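Undergrad: The following comprises the amino acid sequence and a computationally predicted model.
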Amino acid sequence: MFINRGKELAFLEQKWGEPKAQMIVLWGKRRIGKTELVKQFIKNKSHVYFLAESTHEREQLKRFSAALGEFFKESLLATRGFADWEEGFRYIKEKKQRFVLVVDEFPYLIQSNSGIPSIFQRIWDEYLSQSPIFLILLGSSVAMMETEVLGFKAPLYGRRTGQWKVQAMPFYEIKNFRKSKSFEDQILHYSVGGGTPAYWLWLSEGNEFFQNLGNQVLKKGEPLYDEVEFILREELREPRYYFSLLQAIAQGKRRLSEIVNATGISQPTANKYLGVLSDLDIVEREVPVIEDKPLKSKKGLYRIKDEFFQFWFRFVFSRRSELEMDQANRVIEHIKQEIPDYLSFVYEKVAREIVMNNTDAFFDLERLGRWWDKDDEIDIVGLSRERNAILFGEAKWSQKPVGTNVFEELRAKAKKVMWGDAKTTPFYVLFSRKGFTNGMIQLVKKERVVLFRGDERIGF
């Protein structure tokens, strides 16, 4: 199943429409859907797809030669092969044919020969830059792609003609993997799968959430059982420190001082490692949305950005010994008790996304996030200086309809937010899992408030 990625495909098609040589760099976390994206792009085009593997360079070159031999119908290449990479790309130039050449998992080539970036620089400059080639370099090792391919000091710097970091899919797109299911089912699966397409494909559409959890995440031998450890050990040299940091954040230690106290890691070292996790799109530093200088803000909180990592460190990591003893049912019972509170945070994130996709109900937002001080917090705060307006919102994942008391509490907290001037117009939005009371519905007619049940706007 392939869902959306319309912007990414449009970008690639635009570049394909330009007749000059192209070197496109696509990178992003493992399982995020880079290969499927490229397969969709090349399926009606002449192409060679080469998947690099974790093996020695000679074997890589032999497989590359065979792929080109098959494409150009020259069987001799499969047996003789190219002597080196330059010979292979000189051969491509001499063919003077426009086609897409995909090199997937380019970091594995670099692992087999650290000089590959310099070799590809020379190949591009001498053979490909004046050819009709459409070269795509893909990589799942975010750190290596950003240092060895995209970095300022990298030999290939300045050669690429386009780049796109493939990000996690938003909820409104990825929920289509379970489009026949209820909103609650979609939220439950999003709390584990997040915006990673591969995870949703492993979570069977025919099973309910806890079946999928037991069969795919908590079952030894299944891909998701060791997924977090696999990714961290592949990307990082000292994974044990990162495990400690991520476990602390998942357990609610979000301030840097709290993380340092919980892990025993010094503040400079913790800062360094949190920066690495941020570069890998696993962790992010969050500040109140009204902060004018977020990098200098002392109110920063860390949170795990990747839903699967957050779920795993919150519910699975500390109970691995039980899972190793085939006691998954005990772990599931524990998760059932805690997951309602956990889903409230997931719903908050989804609610902010829904706001961004429904600006027609409010106004165009220049910034959107959360606000907090030492006593209170607001789930949704959106700003527009152009309209001189501010949006306040709450998302409630409760079993009861939301009443006017929630709105009045929100309005009271909103008065503490110091942004704009006396003429700034406040607007309000409420999200509820179970809908709203009649009193709250009647209040809509008097106040600037918009209501969403689940992810659907309620009209009156």
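TA: That came through fine. Residues are numbered from 1 along each chain as shown.

Undergrad: isn't residue 146 right up against residue 27?
TA: Yes. Counting by C-beta atoms under 8 Å, residue 146 touches residue 27, with 7.2 Å between them. No exception for glycine: its C-beta is placed from N, CA and C like everyone else's.

Undergrad: More neighbours: these two, which one.
TA: Here residue 146 and residue 27 are compared on neighbour count by other C-beta atoms under 10 Å; more neighbours surround residue 27, at 24 against 17.

Undergrad: what's that one sitting at in phi/psi?
TA: When read as degrees, to the nearest 10, the backbone of residue 27 gives phi -150, psi 160.

Undergrad: per-residue pLDDT, it?
TA: pLDDT recorded at residue 27 is 95.

Undergrad: How about residue 460?
TA: You'll see residue 460 listed with a pLDDT of 57.

Undergrad: ok, now residue 107?
TA: Looking at residue 107, its pLDDT reads 94.

Undergrad: ditto for residue 372
TA: 95.

Undergrad: Please list all residues in contact with it.
TA: For residue 372, the contact set (C-beta atoms under 8 Å, 6 or more residues apart in numbering) comprises 288, 299, 378.

Undergrad: Repeat that for residue 80.
TA: Neighbouring residues of residue 80 by C-beta under 8 Å, 6+ apart: residue 65.

Undergrad: And it, how far from residue 60?
TA: 16 Å (C-beta to C-beta, to the nearest Å).

Undergrad: Buried residues of stretch 313-326, list them for me.
TA: By 16 or more other C-beta atoms under 10 Å, the buried positions in stretch 313-326 come out as 313, 314, 315, 316, 317, 319, 322, 323.

Undergrad: Kindly apply the preceding question to stretch 145-163 instead.
TA: Buried residues in stretch 145-163, defined by neighbour count with 16+ other C-beta under 10 Å: 145, 146, 147, 148, 149, 150, 154, 155, 156, 159, 160.

Undergrad: Make sure residue 311 is actually in contact with residue 193.
TA: No. Applying C-beta under 8 Å as the test, residue 311 and residue 193 come out as separate, 9.1 Å apart.

Undergrad: Please identify which of these two sits among more neighbours.
TA: Using other C-beta under 10 Å, the more surrounded residue of residue 311 and residue 193 is residue 193, with 30 against 24.

Undergrad: Which residues are in contact with that one?
TA: Neighbouring residues of residue 193 by C-beta under 8 Å, 6+ apart: 174, 177, 199, 200, 203, 307, 308.

Undergrad: how about those in CSV, adding pLDDT?
TA: Supplementary listing: those in CSV, determined by pLDDT from 0 to 100:
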residue, pLDDT
174, 94
177, 92
199, 95
200, 95
203, 93
307, 95
308, 96
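
Undergrad: Check those for burial and list the buried ones.
TA: Buried among these (16+ other C-beta under 10 Å): 174, 177, 199, 200, 203, 307, 308.
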